[in-house]
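> okay, predicted coordinates and the sequence, questions at the end:
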Amino acid sequence: MQIFDRAKRIAAAGVLAGFLILGGCGQQTTTSGPPQGGPPEVAVVTVQPKRLVITTELTGRTSANLVAEVRPQVGGIIQKRLFVEGSDVKAGQVLFRIDTAPFQAALDNAKAALSRSEANLSAIRLKADRFRELLVDKAVSQQDYDDAAAALKQTEADIQYWKATVETARINLGYTSITAPISGRIGRSNVTEGALVAAYQPVALATIQQLNPMYVDVPQSTTELLRLRRRLEEGRLNHNGKIRNKVLLLLEDNTKYPLEGALQFRDVTVDPTTGSVLLRVIFPNPKGVLLPGMFVRAVVEEGVNERALLIPQQAVSRNQKGDPLALIVDAGGKVQQRMLSLDRAIGDSWLVSSGIAPGDKVIVEGIQKVKPGASVKVVLLEDGGGKNSEGRKKAAPLSAKSN
């Protein structure tokens, strides 16, 4: 029995010794591996100044350059509507016709009264002339002559009155034919034949709009306006001696309008509710693509930045305060952090006002793997953030001779 227990203890000791040997061998294998790799690899772009046309995209709405609301100038019953809704009309074209009977009667009555006064004028004038001659011989009294002279003047005044009445009646008769005040496209009619209308009523019978050319009214904030003036004064923008008034237009479906517009004027009054001024742009519209009230975006040229610095948007990160920053690789191959001042987004890049300089190598890819002060290998990308035609160049440590 004792011999059997001793054998069991010897076997257990052998198994334990084997586990210890295997553990030692595993530890030796782990610690004897090859050393870790070199500095992390990052992709960079070299910042180079570029000539850049600065534009601002503003939202606005289209409006007709001429709008005329057609209203009657006399009251009456609409007898005829003489146009097709939605068609183009010419200035002076008859659109509606009002019943002419009462206006024709008023004209005839005024003409008759004028003829009566003109018929009496000759006899009254002769009577006044005779009384003036008789007054010299004391054959008539002064009162009789004064009465005759007053009657002559009253008849002459009556003639002038009835002439004016005839002209008014003729004008009112002409107003029974309601004509188009301007050429353009007419909308729907708000009245039908047989409707009673009143002179200068608040509701228009129809509206005519001239659609070629077309206005686009866009608001621009005074903050942006002041920023633009400051950039011009600081020399960061220039107009090359010319007023840049070319404007592009993007339609509601994001398609580009084929014709360019011109900035007509900038309003001088600030809207107190929005804090903006109105810009009016005029666009040719020969095919009638633009309709009044359309929502559009106008791309307005502000000027030219001859030395614009652009970096890809993915190269810009922000700290806890939300301030933009970027990482660059210096001449010694080490990472440095730069705080940036951004002007605006240009496509997929940022226009940088300050924080970087021409020739700086900005890290675009691999930002998460590095920290300021770390040494890195670089992969050069095409300026502006896009890959060059040959793809990435071979990774190599950045030396002091790097461009």
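Now that the structure is in, tell me what you want to look at.

> need the longest helix for this structure.
Secondary structure of the chain per DSSP state H: the longest helix is helix 101-136.

> what's the average pLDDT for it?
Taken as a whole, helix 101-136 has an average pLDDT of 86.

> any idea how far the helix or strand following that helix is from the chain center?
Secondary structure here is assigned by DSSP states H and E; on that basis, the next helix or strand after helix 101-136 toward the C-terminus is helix 142-175. The offset between the C-alpha centroid of helix 142-175 and the centroid of the whole chain comes to 59 Å, using CA atoms, centre = their mean, to the nearest Å.

> ok, and for helix 142-175, which residues are buried?
For helix 142-175, a neighbour-count test (16 or more other CB atoms under 10 Å) marks 145, 148-149, 151-152, 155, 158-159, 162-163, 165-166, 169-170, 172-173, 175 as buried. Where C-beta positions appear, they are placed from N, C-alpha and C, glycine not excepted.

> just to revisit the earlier point, next, the angle from the longest helix of the chain to helix 142-175.
Per axes from the mean of the first three to the mean of the last three CA atoms, to 10 degrees, the angle that helix 101-136 makes with helix 142-175 is 160 degrees.

> next structured bit after the strand or helix carrying Leu327?
Secondary structure here is read from DSSP H and E; on that basis Leu327 sits in strand 324-329. Per DSSP H and E, strand 324-329 leads on to strand 335-339 as the next helix or strand towards the C-terminus.

> output the contacting helices and strands for that following strand.
With contacts defined as 3 or more CB pairs under 8 Å, 6 or more residues apart in numbering; DSSP states H and E, strand 335-339 has these neighbours: strand 324-329.

> can you confirm Ser189 is in a strand?
No: counting by DSSP: H, G, I helix; E, B strand; the rest coil, Ser189 is located in no strand; its state is coil.

> how about the nearest residue to it, chain neighbours excluded?
What sits nearest to Ser189 in space, not counting adjacent residues and going by CB to CB, 6 or more residues apart in numbering, is Ala206, at 5.1 Å.

> for Gly355, same thing?
Leu340 (3.7 Å).

> what number of residues lie near the one you found?
Neighbour count of Leu340, defined by other CB atoms under 10 Å: 22.

> what pLDDT does the model give it?
88.

> ok, Ile159 next?
Confidence per residue is given as pLDDT, and for Ile159 that number is 88.

> cool, and Val316?
Checking the pLDDT column for Val316, the value is 89.

> poorly predicted segments of this structure, please.
Of all residues in the chain, those with pLDDT under 70 make up the ranges 1-37, 228-245, 382-403.

> give me that answer again for 50
For the chain, residues meeting the criterion pLDDT under 50 lie at 1-4, 15, 19-35, 237, 241-243, 383-403.

> what's the domain layout of it?
According to automatic domain parsing, the chain is divided into the following domains: 42-51+307-397, 54-64+209-306, 72-99+176-203, 101-175.
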